[in-house]
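Participant: only geometry, no sequence info:
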């Protein structure tokens, strides 16, 4: 259950402390990890990028196509590592320039790897903040700790590579998108964060597909609360539906479509000259990327397609058993709660799961991305599964108390003078009120006190809310029947 934002502000320091702990753990662990092949390329080019930006700020050189090409581009596909965006490489180089070459407070390898460790701490902080707002402090601490204790994530976060930062910025984009759905005037954060994810690795191009699916579902559900066009033609209803979906949170769409590409353009100097051609080169390289050898269950795979179960089996081998158990039990509790309110949900969930497994898992995964495809799922599974499980019992008790207040508010909105207990209002299935209360008149929408305003109902949700209420007459006096909506 979502806590009051005012009560959660003072508890955010716990998330910052856990983020610091995660960063320290990664920094200590990476000291025993050798240098990976990709790190050599990223460190070398990152140092060049940092020197270029430093020279630009100190006016040692200007912005010219020749200087940008010498540092960030080149005629060949892999010159100056132009096939990858520069954000994390630039941070690697700046960290080395400041902490190793200037201050001398860190070793060369540690200085290059520190930005990835910090990004992992940011992931822990964001997981904590999201669960804190959704369910509470205890659940947020559990979720953050489950992310901290992912061994594979700790390993990748200790490398001067893109996998751990991509995981963080992927989740940060989802977090910013979720915050942007609150109807704020200008959700610029989601576009900027997605642009930073694009500037880290090209896999962020897949994010709009996931966010778009959620957006359509959320907009469709919100559409059911808007007044319908009774008697309208099918074409008019279809147009109204399209307008309702596109206008649901249209500023989020604009932020992603405008600020995302602009952020990528701003942090990648190679795109400042001939951006269309350079973007085409960037994407073409990865569309025809070489496939790496991968050993899986005793067999070497040198080309796609992978078996459909690669991601599942890899997750089982790399995620702690406690985290997997928490994720499974938490998902079961969540499904059980929703199914208890609407039994038809389980049929829709089973159908969607079956269709998804048949259509997507069967396709397999590309060789060069299979080992990293499951890192995001581990963080999300650890957060959701670990957070849902411990909140179940306490959440039910809080919900019972809030349901009474919500019921009272619904009755007042419908013109009722009292709710429940000594006041006599009731919902379907509740006990009949006393005879004194039962003699009160039922709630109606079109009486003189609640006449509809001219130009239509200004509160379209009221009639839908009151449709769940029944008159307060006792069954012994008059048969109870639902109020017509």
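Facilitator: Alright, I've got the coordinates. From a predicted model like this one, the values you see are computed outputs, not experimental measurements.
Participant: residue 64 and residue 71, how far apart?
Facilitator: Computed with Cβ to Cβ, to the nearest Å, the distance linking residue 64 and residue 71 is 11 Å. No exception for glycine: its C-beta is placed from N, CA and C like everyone else's.
Participant: neighbour count winner among these two?
Facilitator: Remark: of residue 64 and residue 71, residue 71 carries more neighbours, 21 against 10, as counted by other Cβ atoms under 10 Å.
Participant: pretty sure the more buried one sits in a helix.
Facilitator: Yes - the assignment for residue 71 (DSSP: H, G, I helix; E, B strand; the rest coil) places it in a helix.
Participant: nearest residue to it other than its sequence neighbours?
Facilitator: The shortest distance from residue 71 to any non-neighbouring residue, by Cβ to Cβ, 6 or more residues apart in numbering, is to residue 52 (4.5 Å).
Participant: let me see the contact set for residue 275.
Facilitator: Residue 275 makes contact with residue 265, according to Cβ atoms under 8 Å, 6 or more residues apart in numbering.
Participant: mind starting the numbering at 310 from now?
Facilitator: Got it, the first residue is 310 from now on, which makes the last one we talked about residue 584.
Participant: need the pLDDT of it.
Facilitator: At residue 584, the pLDDT value in this model is 94.
Participant: again, but for residue 707
Facilitator: On pLDDT, residue 707 comes in at 55.
Participant: now residue 482: how far from residue 441?
Facilitator: Taking Cβ to Cβ as the measure, residue 482 and residue 441 are separated by 19 Å.
Participant: what's the answer for residue 632, then?
Facilitator: With the distance defined as Cβ to Cβ, residue 632 ends up 19 Å from residue 441.
Participant: hang on, the residue nearest to residue 380 in a helix?
Facilitator: Yes - under the criterion used here (three-state DSSP), residue 361 sits inside a helix.
Participant: tell me the spacing between it and residue 372.
Facilitator: According to Cβ to Cβ, residue 361 stands 10 Å off from residue 372.
Participant: how's the protein carved up into domains?
Facilitator: The domain map for the chain lists 314-535+542-598, 723-794, with the assignment taken from automatic domain parsing.
Participant: which one of these lies closest to residue 612?
Facilitator: For those, distance to residue 612 was read as Cβ to Cβ. The smallest value, 11.7 Å, belongs to domain 314-535+542-598.
Participant: mind listing what the nearest residue to residue 457 once chain neighbours are set aside touches?
Facilitator: Nearest residue to residue 457 in three dimensions, chain neighbours excluded: residue 331, at 4.7 Å (Cβ to Cβ, 6+ apart). Each residue near residue 331 by Cβ under 8 Å, 6+ apart is listed here: 429-430, 432-433, 456-457.
Participant: distance of the residue nearest to residue 380 from residue 470?
Facilitator: Using Cβ to Cβ, one gets 21 Å for the distance from residue 361 to residue 470.
Participant: just residue 545 next, same as before
Facilitator: Computed as Cβ to Cβ, the residue 545 to residue 470 distance reads 53 Å.
Participant: near residue 343, how many other residues are there?
Facilitator: Going by other Cβ under 10 Å, the residues that sit close to residue 343 add up to 8.
Participant: picking up where we left off before, which of residue 632 and residue 441 has more neighbours?
Facilitator: The neighbour count for residue 632 versus residue 441, taken as other Cβ under 10 Å, is higher for residue 441 (27 against 22).
Participant: now do the same for the more buried one: its pLDDT.
Facilitator: Value for residue 441, per-residue pLDDT: 94.
Participant: what's the pLDDT at residue 330?
Facilitator: Each residue has a pLDDT score; the one for residue 330 is 96.
Participant: okay, and it sits in which element?
Facilitator: In this structure, residue 330 sits in helix 321-339 according to DSSP states H and E.
Participant: report the buried residues of that helix.
Facilitator: Of the residues in helix 321-339, 323-324, 327-328, 331-332, 334-336, 339 count as buried by neighbour count, 16 or more other Cβ atoms under 10 Å.
Participant: which of those sits closest to residue 496?
Facilitator: When these are compared for distance to residue 496, the smallest value, 21.6 Å, is given by residue 324; criterion: Cβ to Cβ.
Participant: in contact with the closest residue to that closest one other than its chain neighbours, which residues?
Facilitator: Leaving out its chain neighbours, the residue that sits closest to residue 324 by Cβ to Cβ, 6+ apart is residue 437, at 3.5 Å. Neighbour list for residue 437: 323-324, 327-328, 449-450, 452-453 [criterion: Cβ under 8 Å, 6+ apart].
Participant: next, residue 437: secondary structure please.
Facilitator: Look at residue 437: counting by three-state DSSP, its state is helix.
Participant: for residue 632, see how far away it is.
Facilitator: When distance is defined by Cβ to Cβ, residue 437 is 16 Å away from residue 632.
Participant: do residue 414 as well
Facilitator: Spatial separation of residue 414 from residue 632 under the definition Cβ to Cβ is 35 Å.
Participant: got the contact list for stretch 502-510?
Facilitator: Contacts of stretch 502-510 with the rest of the structure, by Cβ under 8 Å, 6+ apart, involve 393-397, 471, 474-475, 478-479, 481-482, 485, 513-514, 516-517, 565, 568-573, 575-577.
Participant: swap in 7 Å and give it another go.
Facilitator: The contact list for stretch 502-510 (Cβ atoms under 7 Å, 6 or more residues apart in numbering) reads 393-397, 471, 474-475, 478-479, 481-482, 485, 513-514, 516, 565, 568-573, 576-577.
Participant: so where's the stretch 610-759 of the chain uncertain?
Facilitator: Along the stretch 610-759 of the chain, segments meeting pLDDT under 70 span 650-759.
Participant: for the stretch 410-559 of the chain, what spans make up the strands?
Facilitator: Taking DSSP state E, counting those that start in this stretch as the criterion, the stretch 410-559 of the chain carries no strands.
Participant: okay, helices next: where are they in it?
Facilitator: Counting by DSSP state H, counting those that start in this stretch, one finds helices in the stretch 410-559 of the chain at the ranges 417-443, 446-457, 460-466, 472-489, 497-507, 516-532, 543-555, 559-563.
Participant: run through the neighbouring helices and strands of the third one.
Facilitator: Same thing as helix 460-466. Secondary structure elements in contact with helix 460-466, counted by 3 or more Cβ pairs under 7 Å, 6 or more residues apart in numbering; DSSP states H and E, are helix 321-339, helix 417-443, helix 472-489, helix 684-722.
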